[in-house]
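**Student:** I'd like to go over a predicted model; first the sequence, then the structure.
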Amino acid sequence: MPELPEVETVRRGLAPYLENRLLTEVRLNRPDLRFPFAPGMTDRLNGARILRLTRRAKYILAETDRDDRLVIHLGMSGRFTIIDPKQTAENAPGMFVHAQETRPQHDHVVFRTEDGVEIVYNDPRRFGYMLMYGPKDEDPFRDVGPEPLSNEFSGPYLAHALKGRKMPIKAALLDQRIVAGLGNIYVCEALFRSGISPRRLAGNVGAKRCERLAVAVRDVLSAAIEAGGSTLRDYAHADGGLGYFQHSFDVYGRETKPCHTCSAAIQRIVQSGRSTFFCANCQS
């Protein structure tokens, strides 16, 4: 499932084709994805202008001039294809999120803009979903923590949020109520960079480690976004090229391989049903 850097890469790829564009047609080729589409979704979007395309946690948000927000979650297999009649085959933006060939029967949602561009959402497994909310609806992100790249996320914030928590720090960082959008890959990497064991209890991390951890989270996410995400299975970024951050992994997926810092073997354990990779010598 794409994590924050991959979703941000997709958002950046979509933005030039959707921001400040009028939607002349929105077509739903089935009644649902993981969940049913919102009642009247096409009526609310047809003729609306997308003012901004933003990201919250692992979700893409399209804000319209009708005070509606379309929330898109890519799930495990969701991907977009941009079809621009003005582009040639050589310089077309191509597919992103997943680089394998799409099949028309999985084209579930089609957005057409005033420029004649079609943005097609394809999702073979249908684990992704789209929902809408307006000013009178309950904010679906009301309980989500701060963005890890925002000013609200800091060492002091982390120290306060983790105080007294008995869960391992790895589990705490995956809790979206504490910090938004972090996933398994980048939590493993950030814990390594900050020298913190994934087994350490969250309440015992302490202020100094929290400061190091906040910096490491920012650094690893920024580096991953700059690299276009990580190529896991068939991920690709906006121009169809592959993300390259996986070549910079210090611990994730490197079980038994030597640590880049001390040469000790990287270990793998299972926490809450997920693989955790770390160096027992460098992380305490």
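**Tutor:** That came in fine, so what should we check first? Residues are numbered from 1 along each chain as shown.
**Student:** every contact and neighbour count from this point should use C-alpha atoms.
**Tutor:** Noted.
**Student:** gap between Ala159 and Pro146?
**Tutor:** 14 Å (C-alpha to C-alpha, to the nearest Å).
**Student:** same thing with Ala62?
**Tutor:** When distance is defined by C-alpha to C-alpha, Ala62 is 19 Å away from Pro146.
**Student:** what is the three-state secondary structure of Val270?
**Tutor:** Here Val270 is strand, with the state taken from DSSP: H, G, I helix; E, B strand; the rest coil.
**Student:** quickly list what it is bridged to.
**Tutor:** Applying DSSP bridges to Val270 gives these bridge partners: Ser275.
**Student:** and for Val110?
**Tutor:** For Val110, the beta-bridge assignment (DSSP bridges) gives partners Arg27, Val120.
**Student:** could you list every residue that touches it?
**Tutor:** Counting by C-alpha atoms under 8 Å, 6 or more residues apart in numbering, Val110 touches Glu25, Val26, Arg27, Leu28, Glu118, Ile119, Val120, Tyr121.
**Student:** sec struct for the closest residue to the last one other than its chain neighbours, please.
**Tutor:** Closest residue to Tyr121 in three dimensions, ignoring its sequence neighbours and counting by C-alpha to C-alpha, 6 or more residues apart in numbering: Phe80, at 4.7 Å. When states are read from three-state DSSP, the local structure at Phe80 comes out as strand.
**Student:** my read: Phe80 touches Phe111, true?
**Tutor:** No: using C-alpha atoms under 8 Å, Phe80 makes no contact with Phe111, being 10.4 Å away.
**Student:** between the two, what contacts are shared?
**Tutor:** Ile119, Val120.
**Student:** more crowded one of those two?
**Tutor:** Phe80 (25 against 21; other C-alpha atoms under 10 Å).
**Student:** beta partners of that one?
**Tutor:** Assigned bridge partners for Phe80, using DSSP bridges, are Phe96, Tyr121.
**Student:** before we move on, what's the pLDDT of it?
**Tutor:** Looking at Phe80, its pLDDT stands at 88.
**Student:** neighbours of Glu63, how many?
**Tutor:** A count of neighbours around Glu63, defined by other C-alpha under 10 Å, yields 23.
**Student:** now for the closest residue to it other than its chain neighbours: which residues touch it?
**Tutor:** Excluding the flanking residues, the one nearest Glu63 by C-alpha to C-alpha, 6+ apart is Arg69, at 4.6 Å. Residues in contact with Arg69 (C-alpha under 8 Å, 6+ apart) are Leu61, Ala62, Glu63, Met132, Tyr133, Gly134.
**Student:** let's go with 6 Å and repeat that
**Tutor:** By C-alpha atoms under 6 Å, 6 or more residues apart in numbering, the contact set of Arg69 is Ala62, Glu63, Met132, Tyr133.
**Student:** give me the phi and psi for it.
**Tutor:** Phi and psi for Arg69, reported as degrees, to the nearest 10, are phi -130, psi 130.
**Student:** what's opposite it in the beta bridge?
**Tutor:** Beta-bridge partners of Arg69, as defined by DSSP bridges: Glu63, Tyr133.
**Student:** before we move on, the earlier item: from Gly116, how far out is the residue nearest to Tyr121?
**Tutor:** Counting by C-alpha to C-alpha - Phe80 and Gly116 are separated by 16 Å.
**Student:** if we can go back for a sec, filter the contacts of Val110 to the buried ones?
**Tutor:** In the contacts of Val110, burial by neighbour count holds for Glu25, Val26, Leu28, Glu118, Ile119, Val120, Tyr121, counting by 16 or more other C-alpha atoms under 10 Å.
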